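Colleague: model this:
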Amino acid sequence: MSNILITSAGRRVSLVKAFITELMAIDHTGKVYVTDAYPKLSPAAQVAHKAFKVYKINNTGYIDSLLEICKQNKISLIIPTLDTELLRLSENRKKFSDINVQLVLSNQKFIEICNNKLSTQQLFNKLGISVPEIYSKQNYKLPLFIKPLVGSNSIGTLIIKKENQISDDLLQNEKLQFFEYLDHDAYDEYTCDLYYNKSSELKCVIPRKRIEVRGGEVSKGLTENNEVKTFIDIKLAYLEGARGCITLQLFMHKETKAIKGIEINPRFGGGFPLSYLAGGNYPKWIIQEYMLGRTIDYFDDWENNLLMLRYDDEILMHDFEG
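Modeller: Numbering: from 1, shown residues only. So this is what the prediction gives:
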């Protein structure tokens, strides 16, 4: 076996620790390395075996810098974590396979669909999953939800409840789309961690009820084995092009239990540590499937009603020199 590289590590301390735990349980000589544009200021970089400074993702040298790190450090597996790098990596998949490095990454077409909100809604429709209504900017109902066609982590989103909140800039901005607003008084919001094998077959689904969100990332969450899991098992047993951890956002009506699809992120989500601690050992399965060539069985023996309460912690670096 060889080593794992987690890119754009940033604040993903729990994810890095999980991969270290699972890799070393199988191979005590294995290392988990990370990359970051500013590793000295990355908490996750402080817990990895080693961290590498790389160009920003939009820099032309980004891919070459990753390839060089892989060559020099016996990397055989890359775990991407950031939306903006997924497409670039998928476009360069062959460069990595040529040096025997596997990307735990969905195929390019699936990533492109997930990157665009309208394309994602079309995919939901194809799968028989209801979605919030899309409004034209000439004909809409209040309240409504405005979000960019491209983006994640609730960046650039707005809830509009009064007509005077809709400015000319919002109406004229072609990058923004108007959607039906799903009120949290009527709907529960779920982020679901799905594991797909290399053949795009669903092997695990863990719905996480979002109780509280801070900065687009869950701060209080609860695992629930309920209608959402059954729904996903039926509708998404096969998802063409999906591989590894897929993060799916859904809303379920509190009374009717009607479910609506919101978005899909083809990567680990910020709240994944809850699923991992509940027994969804996606890091272990990735290592087994990609590095050991094993078959992953369907798994649903995870802990139901496990509550996660997050808090801030500190990493201190003495005599720091930037």
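
Colleague: please, where are all the helices along the stretch 1-150 of the chain?
Modeller: In the stretch 1-150 of the chain, the helices defined using DSSP state H, counting those that start in this stretch lie at 13-26, 43-47, 62-72, 83-91, 93-97, 108-114, 117-126.

Colleague: make TSV from these and add distance to residue 54 and mean pLDDT to it.
Modeller: In this view, the C-beta of every residue, glycine as well, is placed from N, C-alpha and C. What follows is the helices of the stretch 1-150 of the chain, written out as TSV (distance: least, C-beta to C-beta, whole Å; pLDDT from 0 to 100):
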stretch	distance to residue 54	mean pLDDT
helix 13-26	16	98
helix 43-47	11	98
helix 62-72	5	98
helix 83-91	10	97
helix 93-97	14	98
helix 108-114	20	98
helix 117-126	29	96
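
Colleague: nearest to residue 271, out of the ones you listed?
Modeller: helix 13-26 (9.8 Å; C-beta to C-beta).

Colleague: what are the contacting residues of that closest one?
Modeller: 1, 4, 6, 9, 30-32, 34, 43-44, 47-49, 79, 81, 268, 272-273, 276, 281, 283-284, 287-288, 292 (C-beta atoms under 8 Å, 6 or more residues apart in numbering).

Colleague: list the buried ones in it?
Modeller: Neighbour counts over helix 13-26 (16 or more other C-beta atoms under 10 Å) mark 13-20, 22-23 as buried.

Colleague: make a markdown table out of those and add distance to residue 135.
Modeller: Shown next, in a markdown table, are those (distance: C-beta to C-beta, whole Å):
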| residue | distance to residue 135 |
| --- | --- |
| 13 | 40 |
| 14 | 38 |
| 15 | 37 |
| 16 | 41 |
| 17 | 43 |
| 18 | 41 |
| 19 | 42 |
| 20 | 46 |
| 22 | 45 |
| 23 | 47 |
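
Colleague: which among these gets closest to residue 151?
Modeller: residue 15 (21.4 Å).

Colleague: returning to that earlier point: from the contacts of helix 13-26, which land in strands?
Modeller: 4, 6, 32, 34, 79 (DSSP state E).

Colleague: now those residues: which count as buried?
Modeller: 4, 6, 32, 34, 79.

Colleague: out of the helices of the stretch 1-150 of the chain, nearest to residue 245?
Modeller: Comparing these by C-beta to C-beta, helix 13-26 comes nearest, at 9.7 Å.

Colleague: derive a PyMOL selection command for the buried subset of the contacts of helix 13-26.
Modeller: To isolate the buried members of the contacts of helix 13-26 in PyMOL, using 16+ other C-beta under 10 Å:
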select buried, resi 4+6+9+30+31+32+34+43+44+47+48+49+79+81+268+272+273+276+281+283+284+287+288
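
Colleague: any idea of the pLDDT on residue 151?
Modeller: According to the prediction, residue 151 has pLDDT 70.

Colleague: how about it, secondary structure?
Modeller: For residue 151, the secondary-structure state derived from DSSP: H, G, I helix; E, B strand; the rest coil is coil.

Colleague: show me the contacts for residue 65.
Modeller: When contacts are counted by C-beta under 8 Å, 6+ apart, residue 65 touches 35, 52, 54-55.

Colleague: now for those: which two are most distant?
Modeller: Spanning the widest gap among those are 52 and 55, at 10.9 Å by C-beta to C-beta.

Colleague: tell me which of those two has more neighbours.
Modeller: The residue with more neighbours, out of residue 52 and residue 55, is residue 52; 20 against 15, by other C-beta atoms under 10 Å.

Colleague: was I right about residue 143 contacting residue 165?
Modeller: No - with contact defined as C-beta atoms under 8 Å, residue 143 does not count as touching residue 165 (9.6 Å).

Colleague: any chance of the helices of the stretch 1-150 of the chain in TSV, plus distance to residue 160?
Modeller: Formatted as TSV, the helices of the stretch 1-150 of the chain follow (distance: least, C-beta to C-beta, whole Å):
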stretch	distance to residue 160
helix 13-26	35
helix 43-47	36
helix 62-72	37
helix 83-91	25
helix 93-97	40
helix 108-114	25
helix 117-126	17
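
Colleague: nearest to residue 299, of those helices?
Modeller: With C-beta to C-beta as the criterion, residue 299 lies closest to helix 13-26 of the helices of the stretch 1-150 of the chain, at 14.5 Å.
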